[in-house]
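# model the structure of this input:
(chains A, B, C and D)
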Protein chains: 2
Amino acid sequence: MPYPTRTTPAAILESALQLLESGGADGLTMRSLAEALGIKAPSLYRHYADRATLEAALVAHGAVQLQTMLKEIAEGTPAARLRQAAERYREFAHAHPALYALMMQPQPMTGAPKALWNTVLKLSSAVTKRDDDTAAAVALWAFLHGFVSLERQGAFGASGPQAGFATGLTALMVGFGKSS
Amino acid sequence: MPYPTRTTPAAILESALQLLESGGADGLTMRSLAEALGIKAPSLYRHYADRATLEAALVAHGAVQLQTMLKEIAEGTPAARLRQAAERYREFAHAHPALYALMMQPQPMTGAPKALWNTVLKLSSAVTKRDDDTAAAVALWAFLHGFVSLERQGAFGASGPQAGFATGLTALMVGFGKSS
DNA sequence: GTCTATATGCGGATAGAC
DNA sequence: GTCTATCCGCATATAGAC
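Below you'll find the predicted structure:
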């Protein structure tokens, strides 16, 4: 056994996620990933056909993780649940900024991402009391994504007005009801 | 005069913007820009110290352009003006996606970007009838930025629910008034 | 499944001549 | 201000041996 197996699929994903978190989007390369695993770059191509395939696996993993966070929230009124989900969405984006950015890149909305969208749709539709209220879900998602993106980029300054998060979220939920 | 001047500062900016629009963020390199101008890459360093300096000039140019669009809107109620400004923001982002993305990257909020922010702050504060209502302005900006970003990335699908734009904008404005 | 060696391409940036 | 020549580093990916 001159070249024994030194990696597992799980270890590859784990290392890749770690590189994303520590070094950002540019921190993850086939070379750096291989080095983190203690192997050489070409060996990775036995596990993933190319870089795009690896990224797709990371995106799917992230979508499942986020969806799980959004589903496992405490019981309560629809508004309270939506508020809690919004907070968790924000937490996830800031806890894994590079992974989140990867997830928000153009992707086919199938598999895990699709399930994630359905979760958001259900949570917001419960607030507006209209089944499949895609317009409300889209508006909410846009606000969440925009806020965490601007926040991550430091657009609000170091001690920025994070009060805007509560303000916007409340305004959206109130407005959904009043503007029907 | 063996090597006469073949470029002007204005021509460099114009070519750079054109490359951004046609080829996206990756379409603009010192090499490609030089070629578009009919000169060689090293010559560019006589005009801009490095790539970062060039990008800063592009960001400033874009901020001025966007701010001008937002300021020159028709008279009317504060709500109508804000709605119109929001539409123009969206138009700008879609007309110059790569430039917009560049502008939204971490930047010092000084000079042109700062003036742009002040314009948004005035427009939204007029609606909420509170001076310097940064929370409302932040919420609005987050929604706008999130929507155009998701839209640009095709997250809503080809024939996506763009109704979410009107829905979210209306809900925010209504909610701002009701949730004070 | 891993290795070494290599092909190929891209990018930013500098030195020194004219 | 522009040029040629060049350095340097980074990346994805493949070929073929073990």
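# the longest helix seen in chain A near DNA strand C at all?
The longest helix of chain A (DSSP state H) is helix A:51-71. No: Helix A:51-71 does not reach DNA strand C (Cβ under 7 Å from any atom of the strand); its nearest approach is 13.2 Å. Every C-beta, even on glycine, is put in place using the N, C-alpha and C of the backbone.
# show me which residues of whatever helix or strand comes next after that helix are buried.
Next helix or strand after helix A:51-71 toward the C-terminus (DSSP states H and E): helix A:78-95. Using 16 or more other Cβ atoms under 10 Å in any protein chain shown as the test for burial, helix A:78-95 gives A:Pro78, A:Ala79, A:Arg81, A:Leu82, A:Arg83, A:Ala85, A:Ala86, A:Arg88, A:Tyr89, A:Arg90, A:Phe92, A:Ala93.
# hmm, the following helix or strand past helix A:78-95 in reach of chain B?
Under the assignment DSSP H and E, the closest C-terminal helix or strand after helix A:78-95 is helix A:97-103. No: for helix A:97-103, no contact with chain B is found by Cβ under 8 Å from any Cβ of the partner chain; the gap never falls below 10.2 Å.
# what's the closest non-adjacent residue to the residue nearest the centre of chain A?
Closest residue to the average C-alpha location of chain A: A:Tyr100 at 4.2 Å, with Cα atoms, centre = their mean. If the residues on either side of it in the chain are set aside, A:Tyr100 comes closest to A:Ala93, at 4.4 Å by Cβ to Cβ, 6 or more residues apart in numbering or on different chains.
# so what's the one you found up against?
Listed by Cβ atoms under 8 Å, 6 or more residues apart in numbering or on different chains, the contact set of A:Ala93 reads A:Tyr100, A:Val148, A:Ser149, A:Arg152.
# can you flag which of the residues you listed belong to helices?
If you go by DSSP H, the contacts of A:Ala93 have A:Tyr100, A:Val148, A:Ser149, A:Arg152 in helices.
# list the contacts of the first one.
Going by Cβ under 8 Å, 6+ apart, A:Tyr100 touches A:Gly62, A:Phe92, A:Ala93, A:Val148.
# look up how far chain B lies from it.
Going from A:Tyr100 to chain B by Cβ to the nearest Cβ, to the nearest Å gives 12 Å.
# kindly report the same for the third one.
When distances are taken as Cβ to the nearest Cβ, A:Ser149 and chain B turn out to be 6 Å apart.
# can you list the domains in chain A?
For chain A, automatic domain parsing gives the domain ranges A:1-47, A:55-178.
# looking at those domains, which is nearest to B:Arg31?
Evaluated with Cβ to Cβ, the domains of chain A place domain A:1-47 nearest to B:Arg31, the distance being 20.2 Å.
# can the closest one be found next to chain B?
No: on the criterion Cβ under 8 Å from any Cβ, domain A:1-47 is out of touch with chain B, staying 11.8 Å away.
# can you check stretch A:57-71 too?
No: using Cβ under 8 Å from any Cβ, stretch A:57-71 never reaches chain B; the gap is at least 12.6 Å.
# which parts of that stretch are buried?
Neighbour-count burial for stretch A:57-71 [16+ other Cβ under 10 Å]: A:Leu58, A:Val59, A:Ala60, A:His61, A:Gly62, A:Ala63, A:Gln65, A:Leu66, A:Gln67, A:Met69, A:Leu70.
# export those residues to CSV and tack on distance to DNA strand D?
Output for those, formatted as CSV (distance: Cβ to the nearest atom of the strand, whole Å):
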residue, distance to DNA strand D
A:Leu58, 13
A:Val59, 15
A:Ala60, 18
A:His61, 18
A:Gly62, 18
A:Ala63, 21
A:Gln65, 23
A:Leu66, 24
A:Gln67, 27
A:Met69, 29
A:Leu70, 31
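# out of those, who's nearest A:Arg31?
A:Leu58 (16.7 Å).
# how distant is the longest helix of chain A from the center of its chain?
Helix A:51-71 sits 7 Å away from the centroid of its parent chain (Cα atoms, centre = their mean, to the nearest Å).
# give me the mean pLDDT for that helix.
For helix A:51-71, mean pLDDT is 97.
# mind showing which ranges of chain A have poor pLDDT?
Within chain A, the segments meeting pLDDT under 70 span A:1, A:159, A:179-180.
# was I right about A:Thr128 contacting A:Phe176?
Yes: A:Thr128 is within contact range of A:Phe176, at 4.8 Å (criterion: Cβ atoms under 8 Å).
# which neighbours do the two share?
Joint contacts of A:Thr128 and A:Phe176 (Cβ under 8 Å, 6+ apart) are A:Ala136.
# the two: which has the busier surroundings?
Each of A:Thr128 and A:Phe176 has its neighbours counted (other Cβ atoms under 10 Å in any protein chain shown); A:Phe176 has more, 27 against 20.
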